[in-house]
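**Student:** Next comes the sequence, and after it the predicted model I'd like to discuss.
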Amino acid sequence: MAEDDDPVVDEVDVFLAKGLAENLYLFQYPLRPSGVIHDPSKVQAARFKPQHQKVELEVGIDTQSRQYAWSKGEQIALNVDGKGQEASHFGSDVMDKQVLTSTTVPTPSSCYAVGMVRDGELHLTPVHGTVQMRPSYNYLDKADVRMKEAAAAMAADAGESSQDEEEDNPRAVTVRFARPETDETKARRMASYQYIEQQVAEEQWINCTLHGTKGPYAEKERQLLYTRATDFDASHLTRPPKEYLSMLLPEASEDSSEKPAMPSNVLSLSQLKNLSLGDQVKALMTNAKMMSFSQLLALLTSGVDPTAVLRTVQQVAMLVQGNWVVKSDILYPKDTCSPHSGAPAELVCRGRDYVMWRFTQFRFIVRKEATSIIKLPHEDVKEIFEQLAVVRVNKGWEFLLPHDQDFMDRYPDVVQRQQMLWDAKYSQLSKLLKLAKGDTPKKGKEPSHPGQERESVVVSGQERVKVARQRARSRSQQQNDPAAQNSATLSDSAIVKTEPVDQGEPMDISSGVDNHLGNGVLMLPKGASALAANTSDNSGKPSDELRTEVVRFCDEKLRSNMVLSMSEMKRLLLLRLSQCPPGDVLGTGVSDKLLEQSMFEAGAMQIQLPWPPNSDATPDQQKVFALAHVGDKYDKIRETILEMFNESFKLRRNAINSKVQEAIGQEANKHDIEKVLREVCMVKGTQWYLKGSLTS
């Protein structure tokens, strides 16, 4: 439309009034028909709770109306007030009033304003709050309570008349002490619905005086909706244009109290970027409990110095099988207690440190054996093992992450320093837990530190279970028979020869680290690699559970993004792994081959994009997958456009229109083509590129 066809009719000055800005509320009646006009004269009383923005109105009912049922009204009044009661809810023998109670509207009140026009000027007053009024039936609860009290009184009178008076006999009283409340438990309790309702109930009602819309008081308040001369401030008109625009459109500030609470195993990466390096590492390790060094670098801010990260992570984590596990005193601070059993934090830390130390020596350990040593309640032991390991049938508990031999070879000085810390930690634990000599690995069968190679002789999980059972029986016999304490026990280094199984290299997501996963043995020889035990069967293929989960993940990401490169899919998988709880099937190992096969099974097609010779895209970035068919009316258009990128790196709009029209046999809707292009492409100048193909 030309500008001459839409002339300016009038110009109106707009003023912002602040006289009622803190006391102006919008009342909504969602259950009242739109044709029924509310009569303010029927409001008999009003109450208000300013802190929680709670309003109650007592509205009179026309008992003389033809639609009023006298029998029902009398019955309700009798049930609520009873006969001959001094304090009554209704003012007569029938239900003659109705109570309307407000509920807070989640929509921000700043979206609404009240406008008044006077002398060609528009005066706006922002609405402070919005409430919706609905009928309240709390008086029926009063009737129920009154009936129960009457029945209890009758039962008490009958009991007193049938029993002789006698002295009360002394009775045993059980005293229970409440567990100390942690900060997490307190925050969860204060966010509960029951606590919020309790706070609302404890706030006192403020009785309000009602005024008619035509009275002098109403007219006085109505004048506050207009801007007074003292309210007008023109100082902002002298400010620079950029500052004036920022005043008109300030940055949105979200109220922290309205933010939904995130799950305990989810960490906001946007909030993480605002923290210092030390706080970032601590937050990630506390949330994930354990991760490899390559995963940690991928989650931190890009361009961070690995040496600084390595120096920082040693302050909050310990090295176990080449991976970093958060320290126990970070999870269980001093002077706190277990949220499950109430055990002191010192005992929980001691038990968790022992389990971590055992995982520095063995790939599999038996929970029953560790429980007999650390002597913690079942709930705490279960939480410790679920943080660190995953259970394997007939094998015991396997350490959750694959053995990262690459990190141990790259940073031998860090490995040696960590081994010295573990040696000191074990010396302390052996005194506190009174460990027997049989609990210490014999020299020659185990490495002096985790960085050294173990002998190619390995111990299977089944044999570890047998060893643990025999050791438990031996320890029990020693406790009952002192003479048996000198008897020989089966060594931890019992030898069972197994054939190593090579099942393919696991996927490397970010830094090219070759993670070696266990194959159901105590420790792999140097250079061997295999997928985790539950992710493959005897033939070396991934398990159905893992394959199904990876296909589901690929389908979800493809439907939300339509076009993804292998590099971007790996990044999304890493983010998912950082949010998964310990023991999740995705954390057991996903290879590049499995990820690529899963994308094809999810319905994706690979685009053979002809990359330019000077492209700096990595091989993973050059592998592009797209979802052409999702079951909507745009499938044919989407498929045609995606197939065009097999022949050209960039496309023009007229070529796309011609090709789509040729494919569908008729003239295509331009809006449909535009929608598909926005889904799978990006525009630069007059050219359309496939998503993810512009790497710089």
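**Tutor:** On my side now, so go ahead.
**Student:** shouldn't residue 686 be in contact with residue 654?
**Tutor:** No. In this structure, residue 686 is not within contact of residue 654 by C-beta atoms under 8 Å, at 9.7 Å. All C-beta spots, glycine's among them, are computed from the backbone N, C-alpha and C.
**Student:** gap between residue 80 and residue 153?
**Tutor:** 18 Å (C-beta to C-beta, to the nearest Å).
**Student:** Looking at these two, which one has more neighbours?
**Tutor:** residue 80 (19 against 10; other C-beta atoms under 10 Å).
**Student:** send the alpha carbons of whatever helix or strand that one lives in over as CSV?
**Tutor:** Element membership for residue 80, per DSSP states H and E: helix 70-81. The C-alpha trace of helix 70-81 is given here as CSV (Å, rounded to 0.1, in the frame of the first residue of the first chain):
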residue,chain,number,x,y,z
TRP,A,70,-35.2,-22.6,48.1
SER,A,71,-35.0,-26.3,49.2
LYS,A,72,-31.4,-26.6,48.1
GLY,A,73,-30.5,-23.2,49.6
GLU,A,74,-32.0,-24.1,53.0
GLN,A,75,-30.3,-27.5,53.0
ILE,A,76,-26.8,-25.9,52.3
ALA,A,77,-27.3,-23.3,55.0
LEU,A,78,-28.4,-25.9,57.5
ASN,A,79,-25.4,-28.1,56.7
VAL,A,80,-22.9,-25.2,57.0
ASP,A,81,-24.3,-23.2,59.9
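**Student:** Flag every buried residue along the next helix or strand after that helix.
**Tutor:** Where DSSP H and E defines the elements, the next helix or strand beyond helix 70-81 is strand 97-104. Judged by neighbour count using 16 or more other C-beta atoms under 10 Å, the buried positions of strand 97-104 are 97-102.
**Student:** Pipe these into CSV and attach pLDDT per row.
**Tutor:** Putting these into CSV (pLDDT from 0 to 100) gives the following:
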residue, pLDDT
97, 85
98, 85
99, 87
100, 88
101, 88
102, 87
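**Student:** ok, which pair from the residues you listed is furthest apart?
**Tutor:** 97 and 102 (16.9 Å; C-beta to C-beta).
**Student:** now the helices for the stretch 551-696 of the chain?
**Tutor:** 566-579, 592-601, 619-622, 635-644, 653-664, 670-680 (DSSP state H, counting those that start in this stretch).
**Student:** mind checking which of those is nearest residue 119?
**Tutor:** Checked against C-beta to C-beta, the stretch from the helices of the stretch 551-696 of the chain lying closest is helix 670-680, at 47.0 Å.
**Student:** what comes up buried for the closest one?
**Tutor:** 672-673, 676-677, 679-680.
**Student:** same thing with stretch 381-389?
**Tutor:** Buried-residue list, stretch 381-389, by 16+ other C-beta under 10 Å: 381, 383-389.
**Student:** Nearest to residue 142, out of these: which one, please.
**Tutor:** For these, the nearest to residue 142 is residue 383 (46.1 Å; C-beta to C-beta).
**Student:** measure the closest residue to the closest one other than its chain neighbours to residue 419 for me?
**Tutor:** Excluding the flanking residues, the one nearest residue 383 by C-beta to C-beta, 6 or more residues apart in numbering is residue 340, at 6.6 Å. Taking C-beta to C-beta as the measure, residue 340 falls 32 Å from residue 419.
**Student:** now swap in residue 11 and tell me
**Tutor:** The separation that residue 11 has from residue 419, given C-beta to C-beta, amounts to 80 Å.
**Student:** So for the two, which sits in the more crowded spot?
**Tutor:** The residue with more neighbours, out of residue 11 and residue 419, is residue 419; 18 against 6, by other C-beta under 10 Å.
**Student:** helices or strands next to the helix or strand hosting the more buried one in the packing?
**Tutor:** Using DSSP H and E, the element containing residue 419 is helix 412-432. Counting contacts by 3 or more C-beta pairs under 8 Å, 6 or more residues apart in numbering; DSSP states H and E, helix 412-432 is packed against helix 306-316, strand 317-320, helix 345-361.
**Student:** just to revisit the earlier point, dump the buried residues of strand 97-104 into TSV; add distance to residue 116 as well.
**Tutor:** Shown next, in TSV, are these (distance: C-beta to C-beta, whole Å):
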residue	distance to residue 116
97	33
98	32
99	32
100	27
101	30
102	25
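**Student:** Out of these, which comes closest to residue 377?
**Tutor:** Residue 377 has its nearest neighbour among the buried residues of strand 97-104 in residue 101, at 46.0 Å by C-beta to C-beta.
**Student:** Tell me who's in contact with that closest one.
**Tutor:** Counting by C-beta atoms under 8 Å, 6 or more residues apart in numbering, residue 101 touches 54-56, 133-136, 138.
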